[in-house]
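Participant: following is a predicted model, sequence given first.
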Amino acid sequence: MKKELILIYFVIIIIGFSCNSVDNVDKIINPEPENPKNCENCDSLLFQFSINTLGGKIVDEPKIASTLTIIKDDSTYYAGNIGIEIRGESSQMFDKKSYGFETWDENYEDKDESLIGFPEEEDWILYGPFSDKSLIRNKLIYSLSNLMGMYASKTEFCELTINNDYKGVYVFMEKLKRDKNRINIEKLTEADIDENLITGGYIIKIDKSDQEDGSYSDFNSFESKYDVFGDINGEKKMRFNYEYPKPEDIHANQKEYISNYIDLFENALLGTNFNDPELGYKKYIDDDTFIDFFILNELSNNVDGYRLSTYLTKNRDEKLKIGPIWDFNLSFGNADYCGGDKYDLWAYKFNERCIGDYWNVPFWWDKLLEDENFVSKLKNRWNELRTNILSDENILSLVNTNYSTLKNETDAANRNFNRWQIFGIYIWPNSFIGSSYYEEINFLKDWISQRTAWLDISINEL
């Protein structure tokens, strides 16, 4: 029904829009738009995403019918219909918006497409870095995660223009969802309640509620038996959102299964034999994923880490895994609250610094770090990664490569900051306010070097 209403609206807009001069409308929208094609000193250009909303206004639901063209070096990579909406939580207050979109066919129905070489799917994101003036924090950490063997969204820099209005540098990325090329777990239908099928796959999330009023209920989530400190009588209970199957699709028996599984894990973690490999928490979780998740959140001192945008998956006949990672724009020193700017403290101890915050870190991490075997595996993994993927040389090389792409090769960073003149200006929640792109990148590199040096000592002293 929603798609039918959108189609009717789309037809009305087409009729009305055709009665006006497109050229005049474009001039009103942007008298002198940035034009990446005029770049004289560029070795190449980023992918150019051009969206025409056909007179409609992009809102936060529902998606509106639009067209998308993707071009690079005079080659067209896509030209077709999409449905687009604004996305994000706190980022919606920024002038530079982020967008979610679906690729649609000629009848405005979902259609899987391979965009710029990414595996076929229908759901995509155009993330617009704004408070992250380096433009690269999310792309950097997702690259490191994938190199470590933990799937994270594939990403590619691009430039976005909407209705001839240049919007700047964006990161094109995969939306996290169940798919063989994304979160690769078994499909779970409402009919799969047999004991051989009900064990997976599930995606649950520790995060803000996705309901319009921000509320949690038994419809969209379930509650832990324990509070964030592991107290069964405490008031700050953790909530787990149903991400897949969706709240409207998940069967009551499936809700019971996944909530009971988390309950068993937490009971074991708080039990007297919590570190027993057969009777303890290891019976329920894939601890290797928890170790890599810990490393990535601590490497970046992600102020939202562990307590928001935290995905957990339970595949059929497998243990609970944590990940993929998501939303690291307030990481690597880019937050001026709750220690988010510091390089010399533990991200997982957020509760000690910001107990008044509504969203807190679950007790899991303190308990896991009481297990000598978990700590030993963590130390070994960290020290191994520091010789290759997470060496300063490799991390800073990735930073330099991204900087060179955006600054030296394509001049895209200059166009972005001509459009958004925010150097020297506080954008929530900046801890550092640089006067140039070079200063922002330099701050990031210095912060990383100090952070890894602190972690080398602190992890090995656990």
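Facilitator: Sure thing, it's come through.
Participant: quick one: the strands in the stretch 51-200 of the chain, in order.
Facilitator: In order along the chain, the stretch 51-200 of the chain carries the following strands (DSSP state E, counting those that start in this stretch): 64-72, 75-87, 98-104, 123-127, 155-162, 165-174.
Participant: of all those strands, which lies closest to D194?
Facilitator: Across the strands of the stretch 51-200 of the chain, the minimum distance to D194, taken as Cβ to Cβ, is reached by strand 123-127, at 29.2 Å. Placement of C-beta: from N, CA and C, glycine included.
Participant: and the closest residue to W359 other than its chain neighbours, what are its phi and psi?
Facilitator: Nearest residue to W359, sequence neighbours excluded (Cβ to Cβ, 6 or more residues apart in numbering): R307, at 4.7 Å. The phi/psi pair for R307 (degrees, to the nearest 10) reads phi -120, psi -20.
Participant: go on, N416?
Facilitator: Backbone torsions of N416, given as degrees, to the nearest 10, read phi -60, psi -50.
Participant: so which of the strands of the stretch 51-200 of the chain comes closest to K255?
Facilitator: Comparing the strands of the stretch 51-200 of the chain against K255 with Cβ to Cβ, the closest turns out to be strand 123-127 (24.0 Å).
Participant: quickly run through the sheet partners of the closest one, with directions.
Facilitator: Strand 123-127 has these partner strands in its sheet, going by DSSP bridges: strand 98-104 (antiparallel), strand 165-174 (antiparallel).
Participant: which of the ones you listed sits closest to K237?
Facilitator: The closest approach between K237 and any of those, judged by Cβ to Cβ, belongs to strand 98-104 at 29.9 Å.
Participant: and the closest residue to E89 other than its chain neighbours, how many residues sit next to it?
Facilitator: Take E89 and drop its neighbours on the chain: the residue closest to it by Cβ to Cβ, 6+ apart is K208, 6.2 Å away. K208 has 16 neighbouring residues, counting by other Cβ atoms under 10 Å.
Participant: over to T272?
Facilitator: A count of neighbours around T272, defined by other Cβ under 10 Å, yields 8.
Participant: ok, it to F229 distance?
Facilitator: 18 Å (Cβ to Cβ, to the nearest Å).
Participant: now do the helices in the protein.
Facilitator: Ranges of helices within the chain are 2-18, 22-29, 137-147, 252-270, 287-300, 350-353, 364-368, 372-385, 392-403, 412-419, 437-460, based on DSSP state H.
Participant: can you pull the contacts of E113?
Facilitator: By Cβ atoms under 8 Å, 6 or more residues apart in numbering, the residues touching E113 are Y78, G80, T103, E120, E121, E122.
Participant: try 10 Å
Facilitator: Counting by Cβ atoms under 10 Å, 6 or more residues apart in numbering, E113 makes contact with L68, Y78, G80, I82, E102, T103, W104, D105, E120, E121, E122, W124.
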